[in-house]
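Novice: next comes the sequence, and after it the predicted model I'd like to discuss.
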Amino acid sequence: MNSSDGTVPGSRETGRRAGHADGRGDARGAGPGDSRKDSRADGRGRGLPGSALALDPPGPVVDRRLLATGLLLVLSGLLHLLVFAVDGGPWDGPVSWRKPVTFGLSFGVTLITVAWVTSYLRMGRRLRSGLLAVFAADCVVEVGGITLQAWRRVPSHLNMETPFDTAVSMTLAVGGGVLVVLLTLFAVLSFRNRPTGPAGMPLAVRSGFAVLLVALASGAAMIARGVVLTRTGHQEAAYHSTASLKPLHGVSLHAILVLPALAWLLSRTSWSEPVRHRIVAVGVGCYAVAVAAAGVWAVLTY
């Protein structure tokens with residue numbers, strides 16, 4: 001193409017016509033909108049199948065249905081706290097109102113947290129929505145099974161006394177396995193591509209998922225030890241065998257909320273990005289110390 005047709009060599013119009021002529025339509029002839037599309041494809045969509053290139057916008061985005069489900073689980077926990085206040089009974093032990101309270105609150109908060117934190121991950125919208133839908137359903141099943149057994153006044157986990165109790169216990173165990181797979185996948189995705197967000201958020205998200213893996217491992221260890229004791233005829237010992245690992249499990253479970261929340265709160269300040277990043281790094285270090293202390297205690301009391 002030369003200047004005889006009224007265009008200047010090397011100009012945007014020249015590039016646009018050249019792009020249409022050879023069918024490539026590359027970035028030389030693209031307008032601002034097309035350039036943004038190309039940058040998204042090269043960045044967040046790299047290596048993903050074509051249908052997965054529909055990506056979520058970065059930032060704290062929580063699907064209303066997931067938020068509603070999480071809030072219902074939290075409400076269930078609070079209602080059972082009221083039941084405990086009225087009905088009384090022991091707080092500890094395999095049969096108590098403690099379990100529907102703590103599991104309702106914990107699963108509800110975790111569901112909302114994971115739905116929020118995963119909005120910072122570089123992944124396809126359909127993939128994220130599908131995984132979160134399975135995660136939400138699994139949370140409901142876990143809390144539902146535990147609540148059902150609490151009202152029946154029988155243990156929910158490691159209970160093989162009757163065929164029905166065995167079915168509930170195994171359903172909860174399988175559901176726990178599904179949680180491990182889903183959360184591990186989110187953790188892998190957080191390290192595969194750097195998360196988005198304000199200063200310190202990528203570090204907070206990655207650290208939160210890394211510590212969450214400790215919670216998953218300790219939870220799996222509790223279930224495995226209890227199942228072995230149950231299968232060998234030590235049912236009562238199985239109910240009490242998880243005590244040493246509970247602090248480690250509880251502390252490491254909520255790092256995925258605490259650390260990203262710290263980064264988000266800092267983004268609302270006027271402090272510089274390096275300062276905010278250093279504060280998040282200190283927070284990660286403090287949380288690691290807490291997890292290590294809980295791990296030492298678990299080893300000493302195992």
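Specialist: Received the coordinates, thanks.

Novice: please verify my assumption that residue 220 contacts residue 176.
Specialist: Yes: the pair residue 220 / residue 176 is scored as a contact, 7.3 Å apart, by CB atoms under 8 Å. Where C-beta positions appear, they are placed from N, C-alpha and C, glycine not excepted.

Novice: let me see the contact set for the residue nearest the centre of the chain.
Specialist: Centre of the chain computed as the mean C-alpha position; nearest residue by CA atoms, centre = their mean is residue 114, 3.3 Å away. Neighbour list for residue 114: 132, 135, 183, 186, 256 [criterion: CB atoms under 8 Å, 6 or more residues apart in numbering].

Novice: same thing but at 10 Å, please
Specialist: Listed by CB atoms under 10 Å, 6 or more residues apart in numbering, the contact partners of residue 114 are 62, 66, 70, 131-132, 135-136, 139, 179, 182-183, 186, 208-209, 212, 256-257.

Novice: got the contact list for stretch 156-164?
Specialist: For stretch 156-164, the external contacting residues (CB under 10 Å, 6+ apart) are 94-95, 99-100, 103, 142, 145-150, 152, 154-155, 165-166, 168-170, 172-173, 176, 222-223, 225-227, 229-231, 235, 238-239, 241-242.

Novice: keeping just the C-alphas, turn that stretch into CSV.
Specialist: The C-alpha coordinates for stretch 156-164 follow below in CSV (Å, rounded to 0.1, in the frame of the first residue of the first chain):
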residue,chain,number,x,y,z
SER,A,156,-22.5,-37.4,62.9
HIS,A,157,-18.9,-38.4,62.1
LEU,A,158,-17.4,-41.9,62.5
ASN,A,159,-20.8,-43.3,63.4
MET,A,160,-21.2,-46.9,62.1
GLU,A,161,-23.8,-48.0,64.6
THR,A,162,-26.7,-48.5,62.1
PRO,A,163,-26.9,-48.6,58.3
PHE,A,164,-28.5,-45.2,58.2
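
Novice: list the buried residues of it.
Specialist: By neighbour count on 16 or more other CB atoms under 10 Å, the buried set for stretch 156-164 is 156, 157, 158, 159.

Novice: where does the first one land in three-state SS?
Specialist: Just to be clear, that refers to residue 156. Secondary structure assignment for residue 156 (DSSP: H, G, I helix; E, B strand; the rest coil): coil.

Novice: and the buried residues of stretch 156-164 as CSV, adding distance to residue 84?
Specialist: Putting the buried residues of stretch 156-164 into CSV (distance: CB to CB, whole Å) gives the following:
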residue, distance to residue 84
156, 16
157, 19
158, 22
159, 20
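
Novice: what distance do you get for residue 159 to residue 169?
Specialist: According to CB to CB, to the nearest Å, residue 159 stands 5 Å off from residue 169.

Novice: overlap in contacts, the two.
Specialist: The overlap between the contact sets of residue 159 and residue 169 (CB under 10 Å, 6+ apart) consists of 149, 230.

Novice: report the contact partners of residue 211.
Specialist: By CB under 10 Å, 6+ apart, the contact set of residue 211 is 187, 251-256, 258-259, 284, 287-288, 290-291.

Novice: from these, which single one is nearest residue 203?
Specialist: The closest of the contacts of residue 211 to residue 203 turns out to be residue 284 (CB to CB; 6.5 Å).

Novice: distance of the closest residue to that closest one other than its chain neighbours relative to residue 255?
Specialist: Closest residue to residue 284 apart from its sequence neighbours, by CB to CB, 6 or more residues apart in numbering: residue 207 at 4.5 Å. Summarising the geometry, the distance separating residue 207 from residue 255, computed by CB to CB, is 7 Å.

Novice: next: residue 69.
Specialist: Spatial separation of residue 69 from residue 255 under the definition CB to CB is 22 Å.

Novice: many thanks, have a good one.
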